[in-house]
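>>> model the structure of this input:
(one chain, ligands or ions: 2)
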Amino acid sequence: MKKLNSIVLNITVAILDFLYEGRDFQRFWVLEEIARAPYFAFLSVLHFRESMGLRGPEHLYLMKQHFEQSVNETEHLEYMESRGGSAYFIDRFVAKHLVLVYYWVNVVYYWISPRNAYHLSYEVEIHAAETYGKYLAYNGPDEKILEILNDELHHSKELHDAIKLIDPDPLTNREKELEV
Ligand SMILES: [Fe+2]
Ligand SMILES: [Fe+2]
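Numbers count the residues shown, from 1 in each chain. Ligands and ions are numbered 1, 2, ... in the order given. The predicted structure is shown next:
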């Protein structure tokens, strides 16, 4: 599934790169609009699991994390709006339709395979950080973009930790036992 995640992401990135060449803030706005959806999807599934009596020990921790991530992504979105990212109807049209599909894909994906759903978002966060890194390399220093880049890296680390939390590597556990 990790391979499939990477293939789907690479195709999507290639399409967005083609559509948004030379339109950085429109591209960033679309990316931020899409980036929020998985966190809403994870929260929806966690709420539903809770209602069904399927709350695990990591449940509250994950809900807090995903809520904070979704708020942070909305802050990024608002910043991109302040720089004209959502000024054109066509970009709003593309993003709002993409996000509808992406939200429901993530709901189903997270329900049947949380580990792989987290991995997809991990890859998306790494891609977002790289995208902002390229912008800084071509356009010079921009404090706010650097701050957002660091937020995306932080999200990717949190997702990596979440994968470890829900599906610890047995080898790592064995290593831990040996350390004691
Ligand atoms: Fe973001
Ligand atoms: Fe992010």
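>>> so where's the chain uncertain?
Low-confidence segments of the chain (pLDDT under 70): 169-180.
>>> pick out the residue of it closest to ligand 2.
residue 155 (3.8 Å; CB to the ion). For glycine as for every other residue, the C-beta is placed from the backbone atoms N, C-alpha and C.
>>> and the helix or strand harbouring that residue, what does it pack onto?
Taking DSSP states H and E as the definition, residue 155 sits inside helix 143-166. Contacting helix 143-166 under the criterion 3 or more CB pairs under 8 Å, 6 or more residues apart in numbering; DSSP states H and E are the following elements: helix 59-82, helix 114-139.
>>> can I get the CA coordinates of that helix in CSV?
Only the C-alpha atoms of helix 143-166 are listed here, as CSV (Å, rounded to 0.1, in the frame of the first residue of the first chain):
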residue,chain,number,x,y,z
GLU,A,143,9.7,34.2,7.3
LYS,A,144,6.1,33.1,7.1
ILE,A,145,6.7,30.5,4.5
LEU,A,146,9.6,29.2,6.5
GLU,A,147,7.3,29.0,9.5
ILE,A,148,4.7,27.0,7.5
LEU,A,149,7.5,24.7,6.1
ASN,A,150,8.5,23.9,9.7
ASP,A,151,4.8,23.3,10.6
GLU,A,152,4.6,20.7,7.8
LEU,A,153,7.7,19.0,9.0
HIS,A,154,6.3,18.9,12.5
HIS,A,155,3.1,17.4,11.1
SER,A,156,5.1,14.7,9.3
LYS,A,157,6.9,13.8,12.5
GLU,A,158,3.6,13.6,14.4
LEU,A,159,2.2,11.3,11.8
HIS,A,160,5.3,9.1,12.0
ASP,A,161,4.8,8.9,15.7
ALA,A,162,1.1,8.1,15.3
ILE,A,163,2.1,5.2,13.0
LYS,A,164,4.4,3.9,15.7
LEU,A,165,1.8,4.3,18.3
ILE,A,166,-1.0,2.3,16.6
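>>> okay, the angle between that helix and helix 59-82?
Angle, helix 143-166 to helix 59-82, by axes from the mean of the first three to the mean of the last three CA atoms, to 10 degrees: 160 degrees.
>>> any chance of the helices and strands packed on helix 143-166 in CSV, with distance to ligand 1 too?
Output for those, formatted as CSV (distance: least, CB to the ion, whole Å):
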stretch, distance to ligand 1
helix 59-82, 4
helix 114-139, 6
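>>> okay, the ones you listed in CSV with distance to residue 9 next?
Formatted as CSV, these follow (distance: least, CB to CB, whole Å):
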stretch, distance to residue 9
helix 59-82, 17
helix 114-139, 5
